[in-house]
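Enquirer: Need coordinates for the below:
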Amino acid sequence: MEYKCIYSSPIGNIILNSDGENLTGLYFEDFYKNKPTFKFNNNEENLNDNLEIFKITKKWLDIYFSGNNPNFTPKFKINNITPFRQEVINEMLKIPFGQVITYNDLAKSIAIKHNIKRMSCQAVGGAVGSNPICIIIPCHRVVGSNGSLTGYGGGLHNKLHLLEIEHIDTKKFTMPKVSRFL
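Expert: Prediction:
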């Protein structure tokens with residue numbers, strides 16, 4: 001059974017999903033609830049704020065939204081993940097609080113591990129964009145090589161806020177002129 005919980009953050013409601021033991025999803029409600037590709041479950045029977053994983057995740061989010069780096073990671077599980085996506089997620093988990101890397105840097109890191117000349121930034125971007133557990137798996141810390149805040153499934157305005165929460169100087173970044181993620 002899948003459970004859900006709603007966390008009220010300073011930048012909007014966040015939906016938490018769980019299989020009962022692990023966090024399986026963390027999404028910005030406003031961005032995802034009207035997307036046909038996202039299975040937004042409005043079944044009130046599955047609301048359960050008392051699951052231990054939800055309590056732990058809410059504590060993590062409280063610490064994070066206070067501008068501090070949580071010193072733990074809630075237990076999570078990503079279903080039906082490819083080895084490549086798992087590798088990209090593992091690399092994102094290494095990005096320190098308060099720092100960013102580029103899609104290109106991420107691609108280079110993976111290429112080095114595979115002893116290949118280059119890895120597609122587009123493939124890496126697709127894997128970053130498929131992250132079902134935003135904030136905790138810090139896909140918001142991945143930016144374009146040109147300083148663009150390109151690509152964030154939770155909305156670029158939220159990406160900007162998350163970087164500001166981590167005390168990152170966001171003046172050096174640019175917003176794309178046109179994006180489906182605004």
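Enquirer: Please make it C-alpha for all contacts and neighbour counts, starting now.
Expert: OK.
Enquirer: Can you report how many residues neighbour the nearest residue to His167 once chain neighbours are set aside?
Expert: Computed as CA to CA, 6 or more residues apart in numbering, the closest residue to His167 that is not its neighbour in sequence is Gly98, at 6.1 Å. Here the number of neighbours of Gly98 (other CA atoms under 10 Å) works out to 17.
Enquirer: what's the pLDDT at Gly98?
Expert: With respect to pLDDT, Gly98 scores 97.
Enquirer: what's it in contact with, if anything?
Expert: Leu163, Glu166, His167, Ile168 (CA atoms under 8 Å, 6 or more residues apart in numbering).
Enquirer: just wondering, since we're on Asn13, how far is it from Tyr27?
Expert: Noted for Asn13: a distance of 9 Å to Tyr27, by CA to CA, to the nearest Å.
Enquirer: coming back round to it: could you dump the contacts of Gly98 into JSON lines with pLDDT, distance to Met92 and neighbour count added?
Expert: Listed next are the contacts of Gly98 as JSON lines, based on pLDDT from 0 to 100; distance: CA to CA, whole Å; neighbours: other CA atoms under 10 Å:
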{"residue": "Leu163", "pLDDT": "97", "distance to Met92": "15", "neighbour count": "18"}
{"residue": "Glu166", "pLDDT": "97", "distance to Met92": "15", "neighbour count": "19"}
{"residue": "His167", "pLDDT": "96", "distance to Met92": "18", "neighbour count": "14"}
{"residue": "Ile168", "pLDDT": "96", "distance to Met92": "17", "neighbour count": "17"}
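Enquirer: Next step: those residues restricted to helices.
Expert: Counting by DSSP state H, the members of the contacts of Gly98 that fall within helices are Leu163.
Enquirer: Am I right that Ile89 is in contact with Gly126?
Expert: No: when contacts are counted by CA atoms under 8 Å, Ile89 is not listed as touching Gly126 (11.5 Å).
Enquirer: Of the two, which one has the most company?
Expert: Ile89 (20 against 14).
Enquirer: could you say which helix or strand contains the more buried one?
Expert: Per DSSP states H and E, Ile89 falls inside helix 83-92.
Enquirer: can I get the CA coordinates of that helix in CSV?
Expert: Output of helix 83-92 as CSV, limited to C-alpha atoms (Å, rounded to 0.1, in the frame of the first residue of the first chain):
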residue,chain,number,x,y,z
PRO,A,83,21.5,1.4,-12.9
PHE,A,84,22.4,4.6,-14.7
ARG,A,85,19.7,6.6,-12.8
GLN,A,86,21.0,5.1,-9.6
GLU,A,87,24.5,6.2,-10.5
VAL,A,88,23.4,9.8,-11.1
ILE,A,89,21.4,9.8,-7.8
ASN,A,90,24.5,8.5,-6.0
GLU,A,91,26.5,11.4,-7.5
MET,A,92,23.9,14.0,-6.5
